[in-house]
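Student: Quick one, structure for this:
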Amino acid sequence: MNAEAAGIRSSAAKLWSAQHDRAPIAPLTTTYPDLDVASAYAIQQINLGRHLEAGASLVGRKIGLTSTPMQTLLGVNEPDFGFILDQMVITSGTVEAGQFCAPRVEPEVAFLLRTALRGPGITVADVYAATAAVAVALEIVDSRIADWKLTLPDTVADNASSGAVVLGHWQPYTDQLALPNATASLTLNSIEIDSGAGSAVMGDPAAAVAWLANSLADYDTELSAGQFVMSGSFTSAAFVHSGDVAAATITGLGSVCLAFT
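Tutor: Residues are numbered from 1 along each chain as shown. Now for the predicted structure:
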């Protein structure tokens with residue numbers, strides 16, 4: 001095994017342990033200075049394989065870094081992506097805050113796919129044509145990297161800082177929803193923390209899904225029918241702790257709420 005392959009496997013093992021033990025680690029880029037985005041996705045893929053071997057199911061994908069402020073913060077000019085497992089979908093109205101390292105919440109639109117999307121060349125129109133339904137969603141983002149001190153390769157390796165998701169009611173997609181013009185409100189303990197428009201997500205949340213389908217083509221992977229895609233946050237992310245109640249509301253799609261215990 002060459003040094004690069006050894007570094008990838010070592011980094012994957014560190015992140016796996018950090019998630020299992022809920023014990024954040026130093027940025028991988030401090031111990032593996034040559035870590036690039038391609039290697040980071042390789043690390044992510046190793047840990048996806050571990051989850052699947054342990055019995056988890058892949059039910060969706062998530063897109064991160066879709067907003068200009070977040071891209072500027074990390075000095076990048078494109079989003080990243082991660083995976084969503086069945087065990088990451090919260091179906092009750094509560095979750096233990098202690099199962100995460102440093103959770104934050106974001107309001108997003110989730111797309112449920114009727115038909116598969118395989119890039120390259122996927123357009124916004126293709127995404128909407130393939131979409132069976134959409135829902136308001138609250139994403140819990142989390143970092144196994146201590147203090148959220150991230151570079152792009154760090155967050156990519158760490159499954160794009162995925163934590164969990166809460167989905168609202170699926171609504172059949174129609175053009176009348178006009179998602180770029182939709183407005184999201186993020187509240188914490190009944191106080192609005194932030195608000196934003198769908199256009200903040202690459203101009204149209206469906207544009208983020210198209211970007212993902214085209215990016216996955218580089219890995220000979222598609223967005224499969226029956227999977228859902230978290231398309232990116234309309235707002236900034238708010239930290240949450242035990243005792244907090246977070247809610248996301250998106251015009252035309254309703255609300256979803258989650259209590260942290």
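
Student: got a list of contacts for the worst-scoring helix or strand of the chain on mean pLDDT?
Tutor: Ranking every helix and strand in the chain by mean pLDDT, DSSP states H and E puts helix 68-74 at the bottom, with a mean of 72. Helix 68-74 has contacts (CB atoms under 8 Å, 6 or more residues apart in numbering) with Gly64, Leu65, Asn77, Glu78, Pro79, Leu150, Thr151, Leu152, Thr155, Ser236. Every residue, glycine included, has its C-beta placed from N, CA and C.

Student: Is the first one bridged to anything, and to what?
Tutor: With DSSP bridges applied, Gly64 shows beta-bridge pairing to Asp80.

Student: neighbours of it, just the number please.
Tutor: 25 (other CB atoms under 10 Å).

Student: For Val141, see how far away it is.
Tutor: Gly64 sits 7 Å away from Val141, taking CB to CB, to the nearest Å as the criterion.

Student: element containing the residue nearest the centre of the chain?
Tutor: Centrality entry for the chain: nearest residue to the mean C-alpha point is Lys62, 3.4 Å, by CA atoms, centre = their mean. Lys62 belongs to strand 58-64 when elements are defined using DSSP states H and E.

Student: Flag every buried residue along that strand.
Tutor: Val59, Gly60, Arg61, Lys62, Ile63, Gly64 (16 or more other CB atoms under 10 Å).

Student: Excluding chain neighbours, what is closest to the third one?
Tutor: When you say that, I think you mean Arg61. Val229 (5.2 Å; CB to CB, 6 or more residues apart in numbering).

Student: Repeat that for Tyr41.
Tutor: Val156 (5.9 Å).
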